[in-house]
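[1] fold the following, please.
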Amino acid sequence: AVLSTKNSPSKHIQHLKDKGIAACYKLKMSIQISQISFAIAIRYYHSIIVPSCTYALECFRDHVTSKHLDELEVVQSSFLKLFLGVSKFSSSTNSRICTNALPMRNMLIQRHSLNLQPLLDDQSHHMYPYTIFGLTGNRRRIIAKIMVTDLHH
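    A predicted model of the protein is given here:
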């Protein structure tokens, strides 16, 4: 079993991160994520991806650090980049801004009563409000690439 009293929080977080990223790519293989709306994509994210990468997190609640939450942020970034259709090497912050998504750590801190401060986005969180929500497929991918590139320079 992965979760045991012998496991360290770091090993458990790494396992959760791996499970979350694997869930993202399994979802990509099972549906055409570029053809669904943002609202449906977020439902998939909260019903499949988040449970995969937060399983038994509360068991280590007193030992979870900011660095651990940074590890789990990778899962959200992977999902958003898959949804946007941009390179996995593109900016995570810019992908979050393009979708107006709050950092995953904020949700985890609140949901699991972690004794950590939420990440305050110093970027303009509503820089591109609702720009991509109604778009699907190639149009969304083109707009997202332009926005990610513009924000990167």
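[2] please compute how far the biggest helix by length in the chain lies from its chain's middle.
    Secondary structure of the chain per DSSP state H: the longest helix is helix 9-30. Relative to the centre of its chain, helix 9-30 is centred 11 Å away, using Cα atoms, centre = their mean, to the nearest Å.
[3] so what's Ser77 closest to, chain neighbours aside?
    Distance criterion Cβ to Cβ, 6 or more residues apart in numbering; nearest residue to Ser77, sequence neighbours excluded, is Ser92 at 3.8 Å. Glycine gets a C-beta too; all of them are placed from N, C-alpha and C.
[4] what about stretch 55-62, start to end distance?
    Terminal residues of stretch 55-62 are spaced 15 Å apart (Cα to Cα, to the nearest Å).
[5] which of the residues in it are buried?
    For stretch 55-62, burial by neighbour count (16 or more other Cβ atoms under 10 Å) applies to Tyr55, Leu57, Cys59, Phe60.
[6] for the protein, give me the ranges with low pLDDT.
    For the chain, applying pLDDT under 70 flags the ranges 1-6, 117-153.
[7] same thing but at 50, please
    Applying pLDDT under 50 to the chain flags residues 1, 5, 121-131, 133, 150-153.
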